[in-house]
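*Asks:* output the structure for:
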Amino acid sequence: MLKKMIILVFFMSVFIFMTCQKSSYKKVKQYSIEQFIDITSIFGSSFSPDEKDVLFTSDRSGIYNAYIISVDGSNIRQMTHSDSSSIFAVSFFPKDKRFLFASDQNGNEIYHLYLRNEDGSVEDLTPYENARAVFRGWCYDERSFFFECNKRNPKYMDIYEVDIETLQPRMIFQNDAGYYPRAISNDKIFIAFFKPTTGHNSDMYLYSLETSQMKHISPHEGDINYAPVDFSVDSKSLYYLTDEDSEFDYLKRYDINTGKTEKIFEANWDIMYTYFSRNGKYRVMGINNDARTEIRVENEQIGELVKLPKLQDADITSVNISKSENLLTFYVNGSRSPNNLYVYNFKTKKHHKLTQSISPDIDTEDLVDANIVRYPSFDGLEIPALLYKPHNIKAGEQAPALVNVHGGPGGQARIGYRVLIQYLVNHGYVVIDVNNRGSSGYGKTFFKLDDLKHGEEDLSDCVEAKKYLASLGYVDTSRVGIIGGSYGGYMVLAALTFRPNEFAVGIDMFGISNWVRTLKSIPPWWEAMKELLYKEMGDPDKDLDYLYSISPLFHAENIQNPLMVLQGANDPRVLKIESDEIVKVVKEKGVPIEYVLFDDEGHGFVKKENKIKGYKAILTFLNQRLK
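*Replies:* Model prediction:
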């Protein structure tokens with residue numbers, strides 16, 4: 001009798017499992033990469049002085065250019081027409097419709113600041129050879145703006161002020177110690193600086209433009225992070241983030257006159273940023289809530305949260321408040337919905353959509369949502385991840401899968417629209433986007449766990465993802481590949497090198513193969529971050545043996561399974577030779593290898609034409625080698 005009951009329970013379990021599998025199946029249309037890339041990528045927003053237009057960046061033309069759209073959504077105009085280097089809109093001028101934009105040379109990250117006049121003419125405001133410039137904001141009196149530039153010393157970014165009438169820059173701070181400016185007070189007396197020692201320890205400094213004195217305002221012992229974010233409108237207080245006595249960053253306020261501090265807000269997640277609207281009526285805060293961005297806008301006058309619109313299957317990811325404090329632009333993004341720009345009216349409490357980024361060819365019901373999951377690693381540590389399951393897996397079928405590894409080190413897989421992931425899932429691949437130990441967003445203890453253990457325990461977290469995929473029942477664990485870009489690309493190479501039997505294929509996008517060379521060739525403007533990188537990754541002069549041991553190039557004879565490599569020729573972070581050399585070694589070994597090189601890209605691919613070429617090549621490679 002007991003035996004019959006066991007058999008009955010077993011068949012009921014199988015029936016329930018098969019029913020669940022069947023209920024989740026849905027036949028969907030498969031889309032080409034051209035249809036996916038037809039989706040428009042947009043970001044940024046700046047209100048015109050009359051608050052009738054919004055300036056933003058879009059790749060509608062095939063590469064990024066500056067666009068203006070009317071606040072009522074009635075008229076969109078392309079304002080720049082580059083067909084080579086991408087253009088990134090920065091800001092309207094305070095009192096007219098001139099605007100600033102930034103552009104480099106095909107991804108080399110040596111940005112210049114440009115002025116686009118109302119007659120359409122363009123001026124390079126920072127025409128310094130091999131020097132990069134970064135906009136730092138408008139002076140509160142609207143007579144000038146600030147920018148950083150390393151023209152004096154390639155290693156450090158000095159701060160300049162530019163008079164709007166003359167457009168002539170004047171250095172206001174010479175940076176000889178690797179400070180990072182974070183805020184300039186409205187009275188133009190103070191600059192707040194951030195200075196990291198390691199990824200877990202940093203300090204704040206307050207510089208007086210009146211006395212030319214630098215004051216250390218975060219003396220402490222041990223590993224504590226301090227980072228200024230914004231001054232109060234009256235310039236009497238500095239708001240900053242810290243993880244003092246906490247796993248997560250929270251918000252505090254520093255009184256400039258007395259030096260006293262007080263806690264303003266904390267959550268069970270990192271506060272990412274906070275800032276004030278022009279007159280201080282609203283304070284905006286972004287919270288990294290379990291891989292989602294949670295936006296809080298608080299009316300400081302009445303101490304109440306603004307009830308932002310609720311949109312289905314998507315999150316508000318960034319906001320910008322107009323100078324009058326009457327209007328707010330916000331972006332909405334979700335797993336199945338790319339960035340769209342909206343306008344909200346504080347008085348009427350109504351909002352409307354300005355853009356439609358998704359291609360009309362794509363039914364968003366055919367796309368998939370990311371599900372936040374967690375699984376135990378080899379040592380019991382809980383690993384957060386995002387799981388994407390194709391709709392068209394039938395009951396009893398098993399699909400191929402990919403372990404996706406984010407960049408960094410210290411990045412995070414987050415909820416949002418990912419073209420490549422949706423494209424691969426739409427073509428039948430399960431994807432798990434892993435937040436291995438060392439990822440940000442899950443507390444400072446978790447963040448520290450990969451220090452000087454790269455390609456070891458963090459890689460084991462990715463390998464353990466296979467066990468989780470096996471537990472789902474619909475993944476064929478003999479057909480699991482690994483894919484990633486930048487640091488994630490390194491993890492792909494490390495996986496195929498140090499765990500050669502774990503993943504059937506690897507796809508490396510601009511990943512590091514030789515840590516010794518990469519750490520010795522970091523861009524000069526990263527000088528202040530160099531020690532931070534050395535303490536996390538290893539010092540190429542002192543830790544040579546260790547860096548050789550974790551560099552895939554020196555162990556490439558272990559690679560057995562097919563590899564694809566994608567690289568931008570102008571990449572200043574991961575040099576082209578990093579990919580050239582690993583490809584050469586693998587090819588000489590006789591292992592299947594494909595190399596896709598883009599002559600007009602840097603660290604990441606921004607041109608639509610190149611994304612089509614690269615992503616199509618990835619799917620072809622996977623279909624041949626994995627499917």
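*Asks:* so Q624, which state does it fall into?
*Replies:* helix (DSSP: H, G, I helix; E, B strand; the rest coil).
*Asks:* let me see the confidence value for it.
*Replies:* Note for Q624: predicted pLDDT of 97.
*Asks:* and it, how far is that from P562?
*Replies:* Going from Q624 to P562 by Cβ to Cβ, to the nearest Å gives 9 Å. In this view, the C-beta of every residue, glycine as well, is placed from N, C-alpha and C.
*Asks:* between these two, which one's more packed in?
*Replies:* P562 (21 against 12; other Cβ atoms under 10 Å).
*Asks:* contacts only, for that one.
*Replies:* 504-506, 591-594, 621, 625 (Cβ atoms under 8 Å, 6 or more residues apart in numbering).
*Asks:* out of those residues, flag the one nearest to N175.
*Replies:* Checking these against N175 with Cβ to Cβ, the nearest one is G506 at 40.7 Å.
*Asks:* how close does the closest one get to I217?
*Replies:* From G506 to I217 the distance is 47 Å (Cβ to Cβ).
*Asks:* in terms of neighbours, single out the busier of these two.
*Replies:* Higher neighbour count among G506 and I217: G506, with 27 against 19, using other Cβ under 10 Å.
*Asks:* okay, and the beta partners of that one?
*Replies:* Counting by DSSP bridges, G506 is bridged to I482, L563.
*Asks:* so it touches Y490, yeah?
*Replies:* No. Using Cβ atoms under 8 Å, G506 is not in contact with Y490; the gap is 11.1 Å.
*Asks:* in stretch 206-217, what's buried?
*Replies:* 206-207, 209, 217 (16 or more other Cβ atoms under 10 Å).
*Asks:* same deal with stretch 351-358?
*Replies:* Those buried within stretch 351-358 under the rule 16+ other Cβ under 10 Å are 351, 354-355, 357-358.
*Asks:* cool, stretch 67-86 as well?
*Replies:* By neighbour count on 16+ other Cβ under 10 Å, the buried set for stretch 67-86 is 67-69, 71, 73, 76, 79-80, 85-86.
*Asks:* okay, stretch 567-582 in PDB with CA atoms only?
*Replies:* C-alpha atoms of stretch 567-582 as PDB (Å, rounded to 0.1, in the frame of the first residue of the first chain):
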ATOM      1  CA  GLN A 567      36.700  44.500 -29.500                       C
ATOM      2  CA  GLY A 568      36.700  48.200 -30.200                       C
ATOM      3  CA  ALA A 569      39.900  49.400 -31.800                       C
ATOM      4  CA  ASN A 570      39.900  52.700 -29.900                       C
ATOM      5  CA  ASP A 571      39.200  51.300 -26.500                       C
ATOM      6  CA  PRO A 572      41.300  53.300 -24.000                       C
ATOM      7  CA  ARG A 573      40.500  51.000 -21.000                       C
ATOM      8  CA  VAL A 574      41.000  47.600 -22.500                       C
ATOM      9  CA  LEU A 575      43.500  48.000 -25.300                       C
ATOM     10  CA  LYS A 576      43.000  46.200 -28.600                       C
ATOM     11  CA  ILE A 577      46.100  44.100 -28.000                       C
ATOM     12  CA  GLU A 578      44.400  42.400 -25.100                       C
ATOM     13  CA  SER A 579      42.000  40.800 -27.600                       C
ATOM     14  CA  ASP A 580      44.600  40.400 -30.400                       C
ATOM     15  CA  GLU A 581      46.900  38.300 -28.300                       C
ATOM     16  CA  ILE A 582      44.400  35.900 -26.800                       C
END
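*Asks:* three-state assignment of G488?
*Replies:* With three-state DSSP as the basis, G488 sits in helix.
*Asks:* below-threshold pLDDT in this protein: ranges please.
*Replies:* Within the chain, the stretches with pLDDT under 70 are 1-23.
*Asks:* could you pull out the strands in the stretch 501-627 of the chain for me?
*Replies:* Ranges of strands within the stretch 501-627 of the chain are 506-509, 563-568, 593-598, based on DSSP state E, counting those that start in this stretch.
*Asks:* tell me which other helices or strands the last one touches.
*Replies:* In this structure, strand 593-598 packs against strand 563-568, helix 576-589, helix 608-625, with contacts taken as 3 or more Cβ pairs under 8 Å, 6 or more residues apart in numbering; DSSP states H and E.
*Asks:* name every strand pairing with it and say which way it goes.
*Replies:* Using DSSP bridges, the strands paired with strand 593-598 are strand 563-568 (parallel).
*Asks:* I would like the residues contacting the partner strand, please.
*Replies:* Applying Cβ under 8 Å, 6+ apart, the set of residues contacting strand 563-568 is 107, 492-493, 496, 505-511, 574, 576, 578-580, 582-583, 586, 591-598, 601-605, 614, 617-618, 621.
*Asks:* neighbours of the nearest residue to T364 once chain neighbours are set aside, how many?
*Replies:* Using Cβ to Cβ, 6 or more residues apart in numbering and skipping residues adjacent in sequence, the residue nearest T364 is R336, 4.6 Å away. R336 has 19 neighbours, counted by other Cβ under 10 Å.
*Asks:* ok, the one 3 residues further on next?
*Replies:* Per other Cβ under 10 Å, the neighbour tally for N339 reads 23.
*Asks:* tell me where the stretch 201-350 of the chain has strands.
*Replies:* Along the stretch 201-350 of the chain, counting by DSSP E, counting those that start in this stretch, strands occupy 201-208, 214-216, 226-231, 237-242, 250-255, 261-265, 270-276, 282-289, 292-299, 304-305, 315-321, 327-334, 337-345, 350-353.
*Asks:* dump those into JSON lines; add distance to V373 as well.
*Replies:* Formatted as JSON lines, those follow (distance: least, Cβ to Cβ, whole Å):
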{"stretch": "strand 201-208", "distance to V373": "32"}
{"stretch": "strand 214-216", "distance to V373": "43"}
{"stretch": "strand 226-231", "distance to V373": "31"}
{"stretch": "strand 237-242", "distance to V373": "28"}
{"stretch": "strand 250-255", "distance to V373": "27"}
{"stretch": "strand 261-265", "distance to V373": "29"}
{"stretch": "strand 270-276", "distance to V373": "20"}
{"stretch": "strand 282-289", "distance to V373": "16"}
{"stretch": "strand 292-299", "distance to V373": "14"}
{"stretch": "strand 304-305", "distance to V373": "30"}
{"stretch": "strand 315-321", "distance to V373": "18"}
{"stretch": "strand 327-334", "distance to V373": "17"}
{"stretch": "strand 337-345", "distance to V373": "21"}
{"stretch": "strand 350-353", "distance to V373": "31"}
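*Asks:* any idea how far Y140 is from D187?
*Replies:* With distances taken as Cβ to Cβ, D187 is found 7 Å from Y140.
*Asks:* swap that for Y111, please
*Replies:* 25 Å.
*Asks:* where along the stretch 301-450 of the chain do the helices fall?
*Replies:* Remark: helices assigned in the stretch 301-450 of the chain by DSSP state H, counting those that start in this stretch are 419-426, 444-448.
*Asks:* roughly how far is the last one from the heart of the chain?
*Replies:* Right, the one you point to is helix 444-448. Remark: helix 444-448 is offset 19 Å from the chain centroid, using Cα atoms, centre = their mean, to the nearest Å.
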